[in-house]
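In: below: sequence and its predicted model.
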Amino acid sequence: MNKNFSDNTFPTWEEIGCLLRDTLGEPEKTLLVERIRRYEPEDDSGKGLKRWLENNNYDLQRAALWLSSVERRIQPKQRNSSRSLVRYAAAAVLLAAIITGIFLIKPGTPAWQQYYIHDPGFPVFMNTRQVHDEWMQEYREGNFQQALIKQAPLAQNAPHNDTLAYYRAVMLFELDSTEEAVSQLASAAIDSGSGYYYRAQLLRGFGLWRLGELQKAREAFRQVASSPEKMHAATAHSILSKEFSAISAPKP
């Protein structure tokens with residue numbers, strides 16, 4: 001990596017990737033942000049990144065959430081060190097694509113949509129014939145309606161299965177059936193000890209926000225803000241401070 005952080009050019013994608021991953025010290029981070037502010041990038045993805053950061057007060061934490069979401073989708077078949085550069089190149093390409101996509105969000109886009117990060121699901125190994133494989137494969141490919149159909153028999157037999165309940169709600173939300181998604185989460189009553197609890201609360205917050213039930217959405221995000229899962233907690237904190245700070249707490 002180029003160590004000349006004070007170079008008189010716009011940062012490279014490698015440098016920006018390290019910045020968003022929070023792997024740099026504060027001095028180097030400050031210099032890179034200054035370079036982003038001062039110099040103009042030549043490529044469209046760099047221009048998109050700069051404009052997005054300018055419009056979001058250089059909120060690097062929020063940008064890192066997008067990067068984290070994208071990198072989860074990279075599923076290298078081989079994990080030996082000889083493939084590390086290939087994986088890094090793939091991550092850099094995806095980072096550039098998502099930053100460009102972020103800037104394409106129109107000014108009229110609903111506020112919640114600027115924070116919502118789609119859950120990419122979990123890896124599927126079809127040769128193992130696991131119970132979740134078929135519907136999750138459809139889910140990961142974005143075929144949510146087909147995934148719901150394939151998941152339905154399992155959900156009927158195990159209505160309180162956290163995995164099935166959570167992803168069913170995600171799929172309903174993605175299909176714009178927001179009321180059904182919120183209802184699904186309520187009926188599933190995912191326990192606070194579940195690994196899906198905070199993700200479900202975050203999704204519930206987005207659903208309520210989308211439906212205009214702001215007080216209830218605020219309470220859902222407040223629960224997520226205390227999450228030990230840093231990415232979800234950071235999203236909730238950002239939403240509460242930037243979008244819900246003017247909303248008063250409900251009267252007792």
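Out: Now that the structure is in, tell me what you want to look at. Numbers count the residues shown, from 1 in each chain.
In: tell me the first helix or strand C-terminal of the strand or helix carrying residue 170.
Out: Element membership for residue 170, per DSSP states H and E: helix 162-174. Past helix 162-174, further along toward the C-terminus, the next helix or strand under DSSP H and E is helix 178-188.
In: what's the following helix or strand after that following helix?
Out: helix 197-211.
In: in that following helix, which residues are buried?
Out: 197-210 (16 or more other Cβ atoms under 10 Å). For glycine as for every other residue, the C-beta is placed from the backbone atoms N, C-alpha and C.
In: any chance of a markdown table for the residues you listed, columns pLDDT and distance to residue 51?
Out: A markdown table is the format used below for these (pLDDT from 0 to 100; distance: Cβ to Cβ, whole Å):
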| residue | pLDDT | distance to residue 51 |
| --- | --- | --- |
| 197 | 93 | 36 |
| 198 | 93 | 32 |
| 199 | 93 | 30 |
| 200 | 95 | 34 |
| 201 | 95 | 32 |
| 202 | 96 | 27 |
| 203 | 96 | 29 |
| 204 | 96 | 32 |
| 205 | 96 | 28 |
| 206 | 96 | 25 |
| 207 | 96 | 30 |
| 208 | 96 | 31 |
| 209 | 95 | 25 |
| 210 | 93 | 26 |
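In: now the helix holding residue 170: average pLDDT?
Out: Mean pLDDT, computed over helix 162-174, is 95.
In: now for it, which elements pack on it?
Out: Judged by 3 or more Cβ pairs under 8 Å, 6 or more residues apart in numbering; DSSP states H and E, the packing partners of helix 162-174 are helix 133-140, helix 144-157, helix 178-188, helix 197-211.
In: next, the angle helix 197-211 makes with the third one.
Out: Okay, so that is helix 178-188. Calculated by axes from the mean of the first three to the mean of the last three Cα atoms, to 10 degrees, helix 178-188 forms an angle of 150 degrees with helix 197-211.
In: okay, buried residues for helix 178-188 please.
Out: Under 16+ other Cβ under 10 Å, the buried positions of helix 178-188 are 178, 180-182, 184-185, 188.
In: picking that back up, what's the farthest-apart pair in the buried residues of helix 197-211?
Out: Of all pairs drawn from the buried residues of helix 197-211, the greatest distance, 20.4 Å, lies between 197 and 210 (Cβ to Cβ).
In: surely residue 155 and residue 165 touch.
Out: Yes. Between residue 155 and residue 165 a contact is recorded at 7.5 Å, counting by Cβ atoms under 8 Å.
In: adding distance to residue 124, write the buried residues of helix 197-211 out as a markdown table.
Out: Listed next are the buried residues of helix 197-211 as a markdown table, based on distance: Cβ to Cβ, whole Å:
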| residue | distance to residue 124 |
| --- | --- |
| 197 | 23 |
| 198 | 23 |
| 199 | 19 |
| 200 | 21 |
| 201 | 26 |
| 202 | 23 |
| 203 | 21 |
| 204 | 26 |
| 205 | 28 |
| 206 | 25 |
| 207 | 26 |
| 208 | 30 |
| 209 | 30 |
| 210 | 28 |
